[in-house]
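Q: here are the coordinates; sequence isn't available:
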């Protein structure tokens with residue numbers, strides 16, 4: 001009987017400790033959250049290295065009732081910042097997110113969920129600049145002509161056309177979507193037609209000069 005009593009007491013102690021653990025867990029004010037982010041350039045079809053990413057905590061501290069709805073007063077704080085690696089990835093690791101519904105969390109402008117392992121892809125549309133040089137510079141013979149078309153490999157509707165007529169020797173730089181472009185050059189010189197095809201890549205936030213040889 002004594003052993004049975006001791007065993008029953010131990011079971012009660014274990015149950016009591018288990019209940020305490022559950023209560024403490026329920027009262028915890030934070031949730032462990034993790035975030036891994038990748039940045040993808042939709043224009044070039046590639047992942048973007050050296051792209052700045054931020055983990056942001058947003059707190060709504062004064063929701064105020066107003067006619068027709070609510071005005072929210074948000075305060076945002078950058079918890080951590082970084083840059084993507086050569087493969088376009090960055091790992092923010094684990095952080096403690098506040099359970100309170102007044103707190104929201106974002107990677108740049110994209111919201112994430114609390115209490116889970118988040119995998120976020122940021123889709124961007126990058127821009128670049130292109131200038132075109134005619135070598136030697138125009139004018140040419142009145143019977144000669146030169147037309148160059150740069151057509152985006154993904155965005156087929158996106159193209160840039162230049163000719164030697166009415167232009168200086170250097171055209172641009174013109175803002176274009178970044179990525180790979182197919183180049184088509186049509187030349188009429190001394191009655192002879194020549195077609196040249198080429199491919200170039202415009203990198204995000206850079207200026208590229210393309211030479212057209214007459």
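A: Looks like it arrived, so ask away. All values derive from a computational prediction rather than experimental measurement. Residues are numbered from 1 along each chain as shown.
Q: helices of the chain, start to end?
A: Assigned by DSSP state H, the chain shows helices spanning 2-27.
Q: okay, now the unreliable bits of the chain?
A: Filtered on pLDDT under 70, the chain yields the residue ranges 1-28, 61-73, 166-168.
Q: what sits closest to residue 52 if chain neighbours are left out?
A: Closest residue to residue 52 apart from its sequence neighbours, by CB to CB, 6 or more residues apart in numbering: residue 83 at 5.6 Å. For every residue, glycine as well, the C-beta is placed using N, CA and C.
Q: if I pick that neighbour, what's in contact with it?
A: Applying CB atoms under 8 Å, 6 or more residues apart in numbering to residue 83 gives the contacts 49-53, 90.
Q: and residue 49, by the same measure?
A: 83-88.
Q: let's see it at 10 Å
A: Residues in contact with residue 49, defined by CB atoms under 10 Å, 6 or more residues apart in numbering, are 39, 83-90.
Q: which of those residues are buried?
A: Among those, the ones that count as buried by 16 or more other CB atoms under 10 Å are 39, 84, 88-90.
Q: could these go into a markdown table alongside distance to residue 186?
A: Conversion of the buried ones among the contacts of residue 49 to a markdown table gives the following (distance: CB to CB, whole Å):
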| residue | distance to residue 186 |
| --- | --- |
| 39 | 38 |
| 84 | 40 |
| 88 | 37 |
| 89 | 43 |
| 90 | 45 |
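Q: so who does residue 150 touch?
A: The contact partners of residue 150, taken as CB under 10 Å, 6+ apart, are 130, 132, 158-162, 174, 176, 181-184, 198, 200, 202, 210.
Q: quick check: beta-bridge partners of it?
A: residue 160, residue 183 (DSSP bridges).
Q: ok, it to residue 46 distance?
A: 18 Å (CB to CB, to the nearest Å).
Q: burial count for residue 141?
A: Using other CB atoms under 10 Å, residue 141 has 11 other residues around it.
Q: go on, residue 190?
A: Neighbours of residue 190 using other CB under 10 Å come to 8.
Q: now do the contacts for it.
A: By CB under 10 Å, 6+ apart, the contact set of residue 190 is 140-141, 143-144.
Q: buried ones from the residues you listed, can you make that a ChimeraX selection?
A: In ChimeraX, this line selects whichever of these come out buried by 16+ other CB under 10 Å:
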select :140,144
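Q: quick one: which two of the contacts of residue 190 are the most distant?
A: Farthest pair in the contacts of residue 190 (CB to CB) is 140 and 143. Separation: 8.7 Å.
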